Each structure stands twice: as structure tokens, then as C-alpha cells.
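J.: pasting the sequence and the predicted model now:
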Amino acid sequence: MAIADELSETGTVRDDARTKLIETRKAVIASWMKTADVLDAQGEITLAGDVRYFANHLPPVLTDKQKPAQQYIRHITMQRSEQLKDAVEDRAKEPDLVR
């Protein structure tokens, strides 16, 4: 099923690979946190904080199928936002018929 069709029908894009990616991401974050703990123990407090910040701000996990879906959603959202803006601007230009 095409991404746009799946989004239209279900409101989401499901990908079985996501579960494995989430598990891998959790393991990666756990490793970064252990690294931060080691840095703390070595007195590298600032660097440990930077590592924790980095690990806590990693982007969400998206599969190869979900990435284009996210881009499509952004595109449609921007397009609708522009259409709404144009409609509001057009409405503001209309003469006020109710007084």
C-alpha cells in the first residue's frame, strides 16, 4: 500500500521493523548513559552532562517507510497552512457587508 493511501485510510504508517529499531535505540541510549557515568566517576562532570544531553535529545526512531510518511505529513500540513493563510487574507480584503 502506498504511504499516502495508508495515511489516508488508517491515519498512520505501521512498520514491523519499528519495534527492533526502538529496542536498538534504547540500547544505544543506555550505552551513552553508562559512558556519562564513567565520565562522572573520572571527574568529567561537564562532559558527562553533555553526553547525557546528547543521548536524551536523539531524534525519534523512524523506519525507512515512516521517514517519507513524516515528510509527506509535513508537506500537507504546510500546504494546508498556506491555504488557510491565503483564505484569511482574501477574507480580510472583502468589503464588510454586515454593519
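T.: Cool, got the structure. Not measured: the values here are computed from a predicted model.
J.: longest helix in this protein, by residue count?
T.: Counting residues, the longest helix found in the chain (DSSP state H) is helix 66-93.
J.: what's that helix packed up against?
T.: In terms of contacts (3 or more Cβ pairs under 8 Å, 6 or more residues apart in numbering; DSSP states H and E), helix 66-93 is packed against helix 3-10. To be clear about C-beta, it is placed using only N, CA and C from the backbone, and glycine gets the same treatment.
J.: need the contact partners of the helix or strand that the helix it packs on is followed by.
T.: Later in the chain than helix 3-10, the nearest helix or strand by DSSP states H and E is helix 17-41. Helix 17-41 is contacted from outside by 45, 47-49, 51-52, 54-56, 58, 61-66, using Cβ atoms under 8 Å, 6 or more residues apart in numbering.
J.: next, the buried residues of helix 17-41.
T.: Leu21, Trp32, Thr35, Ala36, Leu39 (16 or more other Cβ atoms under 10 Å).
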